[in-house]
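Enquirer: structure of the sequence below:
(3 chains)
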Amino acid sequence: MPELPEVETVVRCVRPSLLGRRIARFRSLWPRNVSPGAAIVARRLRDRTITDVSRRAKYIVMSLDDGANLLVHLRMSGRLAWADETDRPEHVRAWWGLDDGRRLLFRDARKFGRILHTDDLGAATAHLGVEPLAQEFSAACLARLLDGRARQLKPLLLDQSLVAGIGNIYADEALFAAGLHPLDPAGRLDRSEVLRLRRAIRAVLRRGIRCNGASIDWVYPGGTMQEVFRVYGRTDAPCRRCGTPIAAMRVAQRSTHFCPACQPPLAVRRRRSGRKRV
DNA sequence: TGAATTGTTATCGT
DNA sequence: AACGATAACAATTC
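Expert: Numbering: from 1, shown residues only, chains lettered A, B, ... in the order given. The predicted model follows:
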């Protein structure tokens, strides 16, 4: 489902066609998910020019010439598409009519997606943590986030208020790449484990972007990242590194996949290395 | 029919 | 009081 790499791919895909375009009309067919209200947003968007299209965490950010921003969150099944790409597109929840005659569709089978207009982008995104691909996300930064926390690594990685943009797939893939167990207490990692985790997060997200994201069932077409998954969705399949069957469990209500051999729990790692540190 | 999916919110416990 | 765990919730598909 769209996580940081998928959203980044969508942004890169639509940006060239949207930059400098004027919105002639915006219409919502599912007003419930438009904030602060479909009629208000339609009025505010009319005749605005799109000055930038970017990404913050899993939000698509359309910047407008009046300083306001339109945030689009795809949640589980949202996608952007052009009206002329499909004969009779299903699940169209909103659309933008542009000054060049093209029509951008927001399609969303499950209606979880959100469209939010704001005059204060900072306030609207204040709940979000650091961008994992930004310079700012240094080893020291991650160490600060982990420090003193008893929380398990997997739920921590999914917490958008700490690191923003990681979802279930890339959390599992990052933990595998780092050789860390999903249930490890975050605050107990040593220096080299923190470094590994930071590198792993950035590596899997960058790889996801290079692959144009991952195509999972019918929700998000186009990407190829699913072909190189190491653990996600590979329950009982042999680990690509050591051959051990990939294990699955439920963590914080999320399906979680890991290699029991490549990702031993912290206690086991410490026992093997013979010495403990914090 | 129930499981699965994401992120927010509410609630409860330490 | 901050932190963390848990559940409910939105809607739909398989």
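
Enquirer: hang on, A:Phe112 in a strand?
Expert: No: assignment of A:Phe112 by DSSP: H, G, I helix; E, B strand; the rest coil gives coil, placing it outside any strand.

Enquirer: burial count for A:Phe112?
Expert: 14 (other C-beta atoms under 10 Å). (Each C-beta comes from the backbone N, C-alpha and C, glycine too.)

Enquirer: same check on the one 5 residues further on?
Expert: The local packing of A:His117 (other C-beta under 10 Å) involves 22 other residues.

Enquirer: which non-adjacent residue is nearest it?
Expert: A:Val41 (4.6 Å; C-beta to C-beta, 6 or more residues apart in numbering).

Enquirer: now do the contacts for the one you found.
Expert: Residues near A:Val41 by C-beta atoms under 8 Å, 6 or more residues apart in numbering: A:26, A:28, A:34-35, A:70, A:115, A:117.

Enquirer: what strand or helix carries it?
Expert: For A:Val41, the host element (DSSP states H and E) is helix A:38-45.

Enquirer: tell me the mean pLDDT over that helix?
Expert: Averaged across helix A:38-45, the pLDDT comes to 92.

Enquirer: list the buried residues in it.
Expert: Buried residues in helix A:38-45, counted by 16 or more other C-beta atoms under 10 Å: A:38, A:41-42, A:44-45.

Enquirer: same list, these, but as a markdown table with distance to A:Arg75 please.
Expert: What follows is those, written out as a markdown table (distance: C-beta to C-beta, whole Å):
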| residue | distance to A:Arg75 |
| --- | --- |
| A:Ala38 | 18 |
| A:Val41 | 18 |
| A:Ala42 | 21 |
| A:Arg44 | 22 |
| A:Leu45 | 21 |
